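Q: Predicted coordinates and the sequence they were generated for:
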Amino acid sequence: MRAVLWDMDGTLIESEKLWDISMGELCRRLGGEMTPELRTALVGGSADATMRMIFTALELEHDAERMASENAWLHEYTGELFATDLTWCDGAQDMLAQLAAEQIPMALVTNTIRSLTNQALKTIGTHWFTESVCGDEVPAGKPAPDPYLRAAALLGVDPGDCLAIEDSVTGAAAAETAGCAVLVVPNHVEVPAGDRRRHASTLSGLSVGDLRGAHTDVLTATTCKPI
């Protein structure tokens with residue numbers, strides 16, 4: 001394990017609850033309601049995919065100009081929520097400190113756009129990360145592997161030597177398609193097991209040794225087991 005690649009929303013910070021609020025309000029603006037099924041499908045998605053899925057679910061025409069306008073509103077409103085109510089996921093800040101103490105390179109890899117990510121980084125801290133990759137900086141966001149491939153390349157590390165930490169089906173798929181081992185710490189939705197995935201119920205109480213073990217286990221075994 002030569003590097004750790006971190007998802008942001010729902011993995012480092014409890015922002016999915018704030019996205020619940022902003023996306024629910026967006027649906028009401030558009031004349032509909034956010035269903036539990038739609039919200040689950042949206043977890044971890046890119047901005048473009050989110051707009052397409054919401055407009056489809058509400059049976060609205062995919063008008064590019066309107067979708068762009070509503071996307072801008074969504075991110076502005078979410079930014080206001082980020083400014084006042086961001087909290088850490090359990091164990092995340094401690095794990096960042098442990099990895100930094102061992103001088104393990106880290107990158108932030110998120111589908112969130114750069115402007116909103118930078119606002120979140122005021123809470124998280126930019127000093128943890130050698131690099132960061134946002135959803136509006138790659139040809140395709142998660143579940144495509146592009147964000148993780150770019151992060152590994154920026155760090156100068158082979159994806160197979162990276163452990164990605166994710167909380168969503170979308171993010172886990174992106175990381176494993178890129179060739180990373182994945183530690184899944186579910187938050188908002190259940191994430192199925194997979195050959196390149198290991199699960200933990202929380203980061204709290206884990207050590208860097210546990211992360212190394214998860215990475216090694218993916219490379220040497222095909223059975224799926226918790227750590």
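A: Now that the structure is in, tell me what you want to look at. Just so it is clear, the model here is predicted, and its values are computed rather than measured. Numbering: from 1, shown residues only.
Q: Now do the strands in the protein.
A: Ranges of strands within the chain are 3-6, 106-109, 131-133, 162-166, 181-184, 197-199, based on DSSP state E.
Q: Counting by contacts, list what the first one packs against.
A: With contacts defined as 3 or more CB pairs under 8 Å, 6 or more residues apart in numbering; DSSP states H and E, the secondary structure elements packing on strand 3-6 are strand 106-109, helix 146-155, strand 162-166. Where you see a C-beta, it was placed from the backbone N, CA and C, and this is true even at glycine.
Q: got the buried residues for the second one?
A: Put plainly, it is helix 146-155. 146-152, 155 (16 or more other CB atoms under 10 Å).
Q: now Pro105: how far from Glu59?
A: 46 Å (CB to CB, to the nearest Å).
Q: cool, Asp7 as well?
A: 31 Å.
Q: ok, those two, which is more surrounded?
A: The neighbour comparison of Asp7 against Glu59 (other CB atoms under 10 Å) goes to Asp7, with 30 against 8.
Q: which helix in this structure runs the most residues?
A: helix 64-85 (DSSP state H).
Q: contacts for it?
A: Here helix 64-85 makes contact (CB atoms under 8 Å, 6 or more residues apart in numbering) with 15, 18-19, 21-23, 25-26, 29-30, 47-48, 50-52, 55, 113, 115-116, 119-120, 123.
Q: circling back: now the helices and strands packed on strand 3-6 in JSON lines, with mean pLDDT and distance to His199?
A: Putting the helices and strands packed on strand 3-6 into JSON lines (pLDDT from 0 to 100; distance: least, CB to CB, whole Å) gives the following:
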{"stretch": "strand 106-109", "mean pLDDT": "98", "distance to His199": "19"}
{"stretch": "helix 146-155", "mean pLDDT": "98", "distance to His199": "19"}
{"stretch": "strand 162-166", "mean pLDDT": "98", "distance to His199": "11"}
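Q: Nearest to Thr177, out of those?
A: Minimum separation from Thr177 across those (CB to CB) falls at helix 146-155, 8.0 Å.
Q: thinking again about what came up before, got the helices and strands packed on strand 3-6 as a markdown table, with distance to Glu176 columns?
A: Formatted as a markdown table, those follow (distance: least, CB to CB, whole Å):
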| stretch | distance to Glu176 |
| --- | --- |
| strand 106-109 | 13 |
| helix 146-155 | 9 |
| strand 162-166 | 8 |
